[in-house]
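Asks: the following block contains a protein sequence and its predicted model.
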Amino acid sequence: MHWKLKSTIQRWIARLPRRVGSAAYYLLQRRLGSLRRISPLGRLEVGAALLGHLADRARTARGATFLEVGTGWRLNVPIALWLAGAEEIVTVDLNRYLKPRLVREDLDWIARRRECVVDLLRRHVDAGLLNDRLDRLAAARRRDLAGLLEVLRIRYLAPADASRLPLPSRTVDFHVSCTVLEHVPPPEVTSILAEGRRVLKRNGMFLHYVDFSDHFAQGDPGIPSIHFLRFSEGAWQRHAGNRFMYHNRMRVDDYGRLFRELGLPAEVLAPRVDPEAVREIRKGFPLDPRFALNDPETNATTDAWLVAPAQTPGVRRRAA
């Protein structure tokens, strides 16, 4: 779909009362958008990558408590973490978007392609544990949503503000998200991370997967992944300043600075750079002054993991 048409549709739907607009947008996505043919594989792969980053630091999901920011419509990252042995996953969202029908479709996919899931997670999960939890997942997949959440040890908080959580301090092992932070205004990203630092244990970690690319380009092959970097902030807000398409356009180095300002030495892991976007920039792609001084690779980074300890080694925080 041409990006301007999609922008117009989203802006009109966003003007509807919130409950009506959310229902209309969901139906549109089911008929014409990303939910027409769904598969949990992409989010399960994100879960596997997260487990890999934990393993690189001699950490494991087994027995751990995770806090996921931004549940969305489905549960596939929490499911991957539970399959890997997580004790509890608290998942929070500003909006109660979670759809039982989509969750059931994902569970049916997992049941049909069990070996695919085993192959994906086996490097990071004990085989006996993984098979036991897959058996339990298959047995629970026809339960209602409340029953399923109980089996999977998932606590769903929505509507809830990830910057003001009803959780005690230092009770969470890992603070995680998948393609969520780019949809949050920068001051609120700061507040979410500060609250994450409060609830994380001293040896806890942040692990956030961020998509820096123009999301319109994912549905319109006629524009590059850096397309939205040409607009001033005002012009971009006119196109995408709504709850369905907001993107803060922060680049990967912006997140690094934000983490450092909070005293969190973040590592940028597995960054992917779009070579076509680099070529476009070097040929003179018009960039808004906000982005014009960045090096091409920074502007053309499409996604990466941001991983940081909750506490800098050697520095002790005062008790809350």
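Replies: Arrived safely. Residues are numbered from 1 along each chain as shown.

Asks: Asn131 touches Val117, doesn't it?
Replies: No. At 10.4 Å, Asn131 does not count as touching Val117 under the criterion of C-beta atoms under 8 Å. C-beta coordinates here come from the backbone N, C-alpha and C atoms, glycine included.

Asks: more neighbours: those two, which one.
Replies: Set Asn131 next to Val117 and count neighbours by other C-beta atoms under 10 Å: Val117 wins out with 22 against 15.

Asks: any idea which element that one lies in?
Replies: Element membership for Val117 (DSSP states H and E) is helix 114-121.

Asks: after the helix or strand bottoming out on mean pLDDT in the chain, which helix or strand is next?
Replies: Lowest on mean pLDDT, DSSP states H and E among the helices and strands of the chain sits helix 18-32, with a mean of 90. Counting by DSSP H and E, the next helix or strand C-terminal to helix 18-32 is helix 41-56.

Asks: which residues touch that following helix?
Replies: Residues outside helix 41-56 that contact it (C-beta atoms under 8 Å, 6 or more residues apart in numbering) are 60-61, 74, 76-77, 79-81, 84, 109, 116-117, 120-121, 123-125, 174, 176, 178, 205, 207, 209, 269-270, 305, 307.

Asks: tell me the angle it makes with helix 114-121.
Replies: Counting by axes from the mean of the first three to the mean of the last three C-alpha atoms, to 10 degrees, helix 41-56 lies at 40 degrees to helix 114-121.

Asks: what helices and strands are in contact with the next helix or strand after the helix holding Val117?
Replies: Sequence-wise, the next helix or strand downstream of helix 114-121 (DSSP H and E) is helix 127-140. Helices and strands touching helix 127-140, by 3 or more C-beta pairs under 8 Å, 6 or more residues apart in numbering; DSSP states H and E, are helix 76-83, helix 100-112, helix 114-121, helix 145-151.

Asks: burial count for Ala86?
Replies: Neighbour number of Ala86 under other C-beta under 10 Å is 24.

Asks: distance of the closest residue to Tyr97 other than its chain neighbours relative to Val172?
Replies: Take Tyr97 and drop its neighbours on the chain: the residue closest to it by C-beta to C-beta, 6 or more residues apart in numbering is Trp73, 5.1 Å away. Remark: distance between Trp73 and Val172 (C-beta to C-beta, to the nearest Å) = 23 Å.

Asks: okay, the two: which has more neighbours?
Replies: It is Val172, of Trp73 and Val172, that has more neighbours when counted by other C-beta under 10 Å, with 24 against 19.

Asks: what distance do you get for the more buried one to Arg153?
Replies: On the measure of C-beta to C-beta, Val172 and Arg153 end up 14 Å apart.

Asks: contacting residues around Thr190?
Replies: Leu258, Glu261, Leu262 are the contacts of Thr190 under C-beta under 8 Å, 6+ apart.

Asks: element containing Asn203, please.
Replies: strand 200-211.

Asks: thinking again about what came up before, mind putting the contacts of Thr190 into JSON lines with neighbour count and distance to Ala217?
Replies: Compiled in JSON lines, the contacts of Thr190 are given as follows (neighbours: other C-beta atoms under 10 Å; distance: C-beta to C-beta, whole Å):
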{"residue": "Leu258", "neighbour count": "19", "distance to Ala217": "24"}
{"residue": "Glu261", "neighbour count": "10", "distance to Ala217": "30"}
{"residue": "Leu262", "neighbour count": "16", "distance to Ala217": "30"}
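
Asks: any idea which of those residues is the one closest to Glu297?
Replies: Nearest to Glu297, judged by C-beta to C-beta, of the contacts of Thr190 is Leu258 at 19.3 Å.
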